[in-house]
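Engineer: Structure, please.
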Amino acid sequence: MNQKLFFSGLILMFALSAIGHYAHWDMIVQFVISAIAIIFVAGFLGKATESVAHYAGQRLGGFLNATFGNAAELIIAIFLVKEGLFDMVKASLTGAIIGNLLLVLGLSILLGGLKYKEQRFNNRLAEHNATLMVMAVIGLFVPAVFIVSEKFTFDKDQFLSLAVAGILIISYVLWLVFSMVTHKDMLADVEMAADHGEEPAWSKRNSILFLVLATVMVAFVSEWLVHTLDTFAERFGLSELFIGAFVIAIVGNAAEHSAAVVLAMKNKIGAAVEIAIGSSLQIALFVAPVLIIISTLFGNTMDIVFTPIELTAIGVSVFIAKSVSRDGNTNWYEGVLLLMVYVILGIAFYLV
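Structural biologist: Next up, the predicted model:
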């Protein structure tokens, strides 16, 4: 899309979303406008992080893209936690994880594979990502089994949830130290090091400024979107599970969609994998635990117990993504497989 046209659309949709919210337009109209607005804002966020990545390097750039790309999901989830909509929060976290592992990674591998017969990235990084994905499943699966089967008291439920949350956060922070400090050379990717002679969209100063501005815009539009969700779900007879796992997740993943797919089509599959899988790991090992701690600050602790449906969706997504990415080679058909699993889960969630 032409840059001038994109920014015109961004300003228009942001303004309409604000007017719709404060003028109390029909909730469905507000939802549609806010959803479109957040896609534009997330795209702006993606452009800013990609520009910052040019100055910070592709490895750190991929991490920044995943982090700021998750800003939409995190901010939406914080407002949901504040409203006490814990089931929708967990559904949105589930959707973010499976959306990145299946939809974002699948599209990146498919479209990159259609242009390049085979794409390669660091297989050691792939192995570590696979192990971390299993760790994430363990962190979500164990509390659910013990709290439900042993019928823990409310106090034990809260204690285990907070304890697991703390352990997952520590694990994620140590992974960042391992991958970006002590073993960054071992996990470097040759494709990620190449800049292909590209020029950044903006100067370093403007890139950082736009990154902050985009994050603030995401915060506002996210709050306006959350305000409409109850009415939207009731009007169309959709479950909180489907709204959280697919509607919120797809809208919130817009930044990762654009950046990861573009990088894959430039034969930078390592950076695309870093964004897609790295973002899922960040959601499971950092964002979800942080939300549990934030809920405690609001005075009503959210437990870490996900439903069997959510755990199944996350487990299936991790299994297929691990199988596809573990050898460090990708082709377009593997992207198709990831997308097919996403469609299967989407149909199942819709029928709930």
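Engineer: what sits against residue 168?
Structural biologist: Contact analysis of residue 168 by C-beta atoms under 8 Å, 6 or more residues apart in numbering lists 136, 139, 284, 285, 286, 288, 289. Placement of C-beta: from N, CA and C, glycine included.
Engineer: Counting neighbours, which of the residues you listed comes out on top?
Structural biologist: residue 288 (28 neighbours; other C-beta atoms under 10 Å).
Engineer: host element of the spatially closest residue to that one that is not a sequence neighbour?
Structural biologist: Nearest residue to residue 288, sequence neighbours excluded (C-beta to C-beta, 6 or more residues apart in numbering): residue 93, at 5.1 Å. Assessed by DSSP states H and E, residue 93 sits inside helix 86-98.
Engineer: Just list what that helix packs against, helices and strands only.
Structural biologist: Applying 3 or more C-beta pairs under 8 Å, 6 or more residues apart in numbering; DSSP states H and E, one finds that helix 86-98 makes contact with helix 71-82, helix 240-242, helix 249-252, helix 269-282, helix 288-297, helix 308-325.
Engineer: Can you list the neighbours in contact with the third one?
Structural biologist: The list of residues contacting helix 249-252 from outside it, by C-beta under 8 Å, 6+ apart, reads 35, 38-39, 42, 70, 72-73, 76, 92, 94-96, 98-99, 103, 225.
Engineer: C-terminal to the helix holding residue 93, what's the next element?
Structural biologist: Assigned by DSSP H and E, the successor of helix 86-98 is helix 105-115.
Engineer: helix or strand right after that next one?
Structural biologist: strand 119-120.
Engineer: Okay, now the sheet partners of that next one, with direction.
Structural biologist: Strand 119-120 pairs in its sheet with strand 329-330 (antiparallel), by DSSP bridges.
Engineer: I'd like to know which of the contacts of residue 168 is nearest to residue 203.
Structural biologist: Using C-beta to C-beta, residue 286 comes nearest to residue 203 of the contacts of residue 168, at 30.1 Å.
Engineer: is it true that the closest one touches residue 171?
Structural biologist: No: Residue 286 lies out of contact with residue 171 (C-beta atoms under 8 Å); the separation is 9.2 Å.
Engineer: quick one: the helix holding residue 93 to helix 288-297, angle?
Structural biologist: Orientation check (axes from the mean of the first three to the mean of the last three C-alpha atoms, to 10 degrees): helix 86-98 against helix 288-297 gives 160 degrees.
Engineer: which other residues reach stretch 333-343?
Structural biologist: For stretch 333-343, the external contacting residues (C-beta under 8 Å, 6+ apart) are 98-99, 101-103, 105-113, 316-317, 320-321, 324.
Engineer: and the contacts of residue 168, which of them are in strands?
Structural biologist: Per DSSP state E, strands hold no members of those.
Engineer: show me what contacts residue 17?
Structural biologist: Residues in contact with residue 17 (C-beta under 8 Å, 6+ apart) are 30, 33, 34, 37, 221, 224.
Engineer: any idea which helix or strand carries the fifth one?
Structural biologist: I take that to be residue 221. Per DSSP H and E, the secondary structure element for residue 221 is helix 204-226.
Engineer: mean confidence for that helix?
Structural biologist: Averaging pLDDT along helix 204-226 gives 83.
Engineer: now stretch 90-100
Structural biologist: 86.
Engineer: What is the nearest of the contacts of residue 17 to residue 179?
Structural biologist: Distance ranking of the contacts of residue 17 against residue 179, using C-beta to C-beta, places residue 221 first at 31.7 Å.
Engineer: count of neighbours near that closest one?
Structural biologist: Neighbour number of residue 221 under other C-beta under 10 Å is 29.
Engineer: and it, how far is that from residue 45?
Structural biologist: For residue 221, the distance to residue 45 (C-beta to C-beta, to the nearest Å) stands at 11 Å.
Engineer: now residue 104
Structural biologist: As for residue 104, its distance to residue 45 is 14 Å (criterion: C-beta to C-beta).
Engineer: Looking at the two, which is more packed in?
Structural biologist: A side-by-side neighbour count of residue 104 and residue 45, using other C-beta under 10 Å, places residue 104 first with 32 against 28.
Engineer: Pretty sure that one sits against residue 262.
Structural biologist: No: counting by C-beta under 8 Å, residue 262 is not a contact partner of residue 104; they are 11.8 Å apart.
Engineer: possible to save the contacts of residue 17 as a markdown table with distance to residue 302?
Structural biologist: Compiled in a markdown table, the contacts of residue 17 are given as follows (distance: C-beta to C-beta, whole Å):
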| residue | distance to residue 302 |
| --- | --- |
| 30 | 26 |
| 33 | 29 |
| 34 | 24 |
| 37 | 27 |
| 221 | 23 |
| 224 | 23 |
